[in-house]
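**Student:** based on what follows, work out the 3D shape:
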Amino acid sequence: MSVRKLFAGLLFSGISLLALSGCVVGPENNNPTQLTSQWVDPAASFEQKTITGLLVAAVVENPTNRRIFEDIACNVLALHGIPSTPSYRTIPQASNLTILGGGLNYTALFSAARLAKASNVLAIHQTGTKTNVIYDPGMTWGPDPFWGPGPWGGPFGPDPFWSGWAIPPSITQQNIIESNTELVSVKTGAVLWTGAFSTVSDQAPITQTLQEYVGMVLQAILNNGFLIPVSMPNYQIQPAAKFNPQSAGSAGALPR
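**Tutor:** You can find the predicted model right below:
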């Protein structure tokens, strides 16, 4: 199953964006996801920045895709000692994650977070899609001289002849999925951090892409001064190779 199909359910009803851009997306370290912008509440207190647990909510219409995304996210967080709970356990209907107009249903999310003893809600949803058009002008070498039996070779040895190579120009496209992730305090209801992300679809296996996405979200949160008071003294994000996609269940072909 492609990343684009799994993320497609994240799109709020009525939102559809298709744009053409001439720039090339080159994710760092081969990560198909990039953090394009972020905001952190400058007035957030030390208490607000202390995270003791997360309720993970993926705003996905397709219930199967939603469960896959939330399970993968919780598995990644668990690898780093962060208690987390998927929202589908207490909010089985995806429609109950949002209110009329597409906003998050904070009442339901906060109620579910309190049951899970989570201090914060981590909500992920898609904001749009676009297509990057990449033009490669190609490359040519030569003509360069080569010494050999050219057509005008004389009695004094071979004459030079000229040759060259060329790679023709090409045009390729990248499907880009734009998404937004929010960290919300259950106690105060305040949005403490929000980040905008851009993901190149179909660049890597779906489980790897989603795992690296959550890892980037977590790293951004920690880099902005949020604390995870767990028993492990080192809160650095570990390499993606430690992630076990089998623990998230099958990620085969799924309906949109």
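**Student:** where in the stretch 51-200 of the chain is pLDDT low?
**Tutor:** Within the stretch 51-200 of the chain, the segments meeting pLDDT under 70 span 132-135, 137-138, 140-166.
**Student:** which residue ranges form the strands in it?
**Tutor:** For the stretch 51-200 of the chain, the strands defined by DSSP state E, counting those that start in this stretch cover 54-58, 84-86, 120-136, 139-148, 159-167, 170-185, 191-200.
**Student:** out of those, which one sits most buried?
**Tutor:** Of all those, strand 54-58 carries the top mean neighbour count, a mean of 28, counting by mean count of other Cβ atoms under 10 Å. Every residue, glycine included, has its C-beta placed from N, CA and C.
**Student:** how far away is residue 80 from residue 113?
**Tutor:** Distance of residue 80 to residue 113, computed by Cβ to Cβ, to the nearest Å: 19 Å.
**Student:** the two: which has the busier surroundings?
**Tutor:** A count of neighbours by other Cβ atoms under 10 Å puts residue 113 above the other of residue 80 and residue 113, at 26 against 21.
**Student:** which one is residue 63 nearest to, not counting chain neighbours?
**Tutor:** Using Cβ to Cβ, 6 or more residues apart in numbering and skipping residues adjacent in sequence, the residue nearest residue 63 is residue 94, 5.9 Å away.
**Student:** okay, now the one you found: neighbour count?
**Tutor:** Other residues near residue 94 come to 20 when the count uses other Cβ under 10 Å.
**Student:** check contacts around it.
**Tutor:** Residue 94 makes contacts with 59, 60, 61, 62, 63, 66, 88, as judged by Cβ atoms under 8 Å, 6 or more residues apart in numbering.
**Student:** pick the one among these closest to residue 31.
**Tutor:** Taking Cβ to Cβ as the measure, residue 60 is the one of these closest to residue 31, at 21.7 Å.
**Student:** gap between residue 62 and residue 68?
**Tutor:** Distance from residue 62 to residue 68, by Cβ to Cβ: 9 Å.
**Student:** which of those two has more neighbours?
**Tutor:** The residue with more neighbours, out of residue 62 and residue 68, is residue 68; 23 against 18, by other Cβ under 10 Å.
**Student:** for residue 34, which of the strands of the stretch 51-200 of the chain is the nearest?
**Tutor:** Here strand 191-200 is closest among these (Cβ to Cβ), at 5.0 Å.
**Student:** helices and strands around that closest one, which ones?
**Tutor:** With contacts taken as 3 or more Cβ pairs under 8 Å, 6 or more residues apart in numbering; DSSP states H and E, strand 191-200 sits against strand 33-40, strand 170-185, helix 206-223.
**Student:** would a markdown table of the strands of the stretch 51-200 of the chain with distance to residue 210 be doable?
**Tutor:** A markdown table is the format used below for the strands of the stretch 51-200 of the chain (distance: least, Cβ to Cβ, whole Å):
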| stretch | distance to residue 210 |
| --- | --- |
| strand 54-58 | 10 |
| strand 84-86 | 13 |
| strand 120-136 | 10 |
| strand 139-148 | 36 |
| strand 159-167 | 35 |
| strand 170-185 | 11 |
| strand 191-200 | 9 |
